[in-house]
Each structure stands twice: as structure tokens, then as C-alpha cells.
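Chemist: Coordinates for the following, if possible.
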Amino acid sequence: MGIMSKILGGSGNRSVDDYVELDLDDFAEAHAETGMQVHIAEIGDQSDIIPIKDAVYDGDFVIADITRHSTSDRTIEHIVDELRQVAQEVDGDIVQKGDDQIVVTPTGVSVSREKL
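Modeler: Next comes the predicted model:
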């Protein structure tokens, strides 16, 4: 049995009528209601945190790449401190994932510290 047969439920004898087309207008309306977006950022220096802070204050989720800095770098310590303050101000969350990413969330969004 091929992989597509397994995905499609075994027989592989599906027709177009077996699928439902998703209405992207419904998605756009849901997004407009929540207004939350996920941003990917790269932190090279202190000035790169300004748009990250703005995004979190606006209610967005940010995943920031910090690979340009070592975790013992004092610059990254200052950056993390500033982003931690933003997360506290908006009642969001901040976590560092390994040595290469920081995740900052907006109001009411927390990051689980347990892996799935």
C-alpha cells in the first residue's frame, strides 16, 4: 500500500467529491477578529528589538533568531531583559529555546515549558 493510500484512508479510491474546499474568507474573518500574527525576527543588534517590542505590544507573537549572539554575550542579556519587561507589561510570556531562539508572546498567551 502506497503512502497516499495510507493518507487517504486505505483504498486510494477517493474522488473530488470526498473533499471539502475550505473557504479562506472564513479564515480572513477569524484572523480579523483575533488580529494576532506570528512574526519571525532576527536579532543582530539592540536596534532589532524595537519592531519586536512593537509587535508584542500590538498583540502579536514573535519568534526571534539570536544565533548571531552567544548566550554569554552581554548584549543578548540586555535584549532578553528588555523583552522580558515587555512580556511582563502585556501579561504575555517569554522563553528561550536553546541557544538560538527567543519566543515572546502577547497578552494571555503562555508557552508551555514541556515538550509534546
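
Chemist: Tell me where the longest helix sits in the chain.
Modeler: helix 74-90 (DSSP state H).

Chemist: Sort out which residues of that one are buried, please.
Modeler: For helix 74-90, a neighbour-count test (16 or more other CB atoms under 10 Å) marks Ile76, Ile79, Val80, Leu83, Val86, Ala87, Val90 as buried. C-beta coordinates here come from the backbone N, C-alpha and C atoms, glycine included.

Chemist: From Gly98, how far out is the last one?
Modeler: The spacing between Val90 and Gly98, counted by CB to CB, to the nearest Å, is 24 Å.

Chemist: what do you get for Glu82?
Modeler: 20 Å.

Chemist: Low-confidence regions, the protein specifically.
Modeler: 1-19, 22-34, 69-73 (pLDDT under 70).

Chemist: which stretches of the protein form strands?
Modeler: Ranges of strands within the chain are 38-42, 61-65, 93-97, 101-105, based on DSSP state E.
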